[in-house]
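**Q** Quick one, fold the following:
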Amino acid sequence: MADDMPRADEVTNLTVDEVAAGLSDGKILLVDVREPNETSAEAYPDAVIVPLSAFDPAAIPDPQGKQVVFACRSGRRSITASVAAQDAGYPYTAHLAGGILAWKAAGQPTKT
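**A** Modelled structure (predicted):
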């Protein structure tokens, strides 16, 4: 799906298992770029929310050595966010492939 997006090749696809392990190990800062109406209904347990509609990579908290990984519903907006962050000079090149749909399909928890 994301392969047809411009510059998708500049973004690293991480699997649900890779992201879940990185969160568990304290090595990943997950940044959810979905909109407030989406995140209020269901959210990743440990993500910070920086909606794509008003995306400013400067609004992302200092990752303090963690890898910044973007996430959304299906993996498209997270690619857009990563490319935008890179364009602004940030080294944030990873996203959760498949988004929260893949996250839930893999049995990972969400919060409501």
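**Q** rest of the way, CA atoms for contacts and neighbours
**A** OK.
**Q** Give the pairing partners of the one helix or strand V31 maps to; include direction for each.
**A** According to DSSP states H and E, V31 maps onto strand 28-32. Strand 28-32 pairs in its sheet with strand 48-49 (parallel), strand 67-71 (parallel), by DSSP bridges.
**Q** How far away from the center of its chain is the last one?
**A** It refers to strand 67-71. 4 Å (Cα atoms, centre = their mean, to the nearest Å).
**Q** Kindly report the same for the shortest one.
**A** Shown here is strand 48-49, whose average C-alpha point lies 9 Å from the average C-alpha point of the whole chain (Cα atoms, centre = their mean).
**Q** Run through the residues that contact I28.
**A** Contacts of I28 were listed using Cα atoms under 8 Å, 6 or more residues apart in numbering, and they are 19, 22, 66-69.
**Q** Out of these, which is nearest to V31?
**A** Lowest distance from V31 to the contacts of I28 (Cα to Cα) belongs to V69, with 6.0 Å.
**Q** And the pLDDT for that closest one?
**A** What the model reports as pLDDT for V69 is 98.
**Q** State the distance from it to P91.
**A** 11 Å (Cα to Cα, to the nearest Å).
**Q** These two - which one has more neighbours?
**A** V69 (25 against 13; other Cα atoms under 10 Å).
**Q** Now do the more buried one against I60, distance only.
**A** 11 Å.
**Q** average pLDDT for the longest helix anywhere in the chain?
**A** Criterion DSSP state H: the longest helix present in the chain is helix 76-87. Taken as a whole, helix 76-87 has a mean pLDDT of 97.
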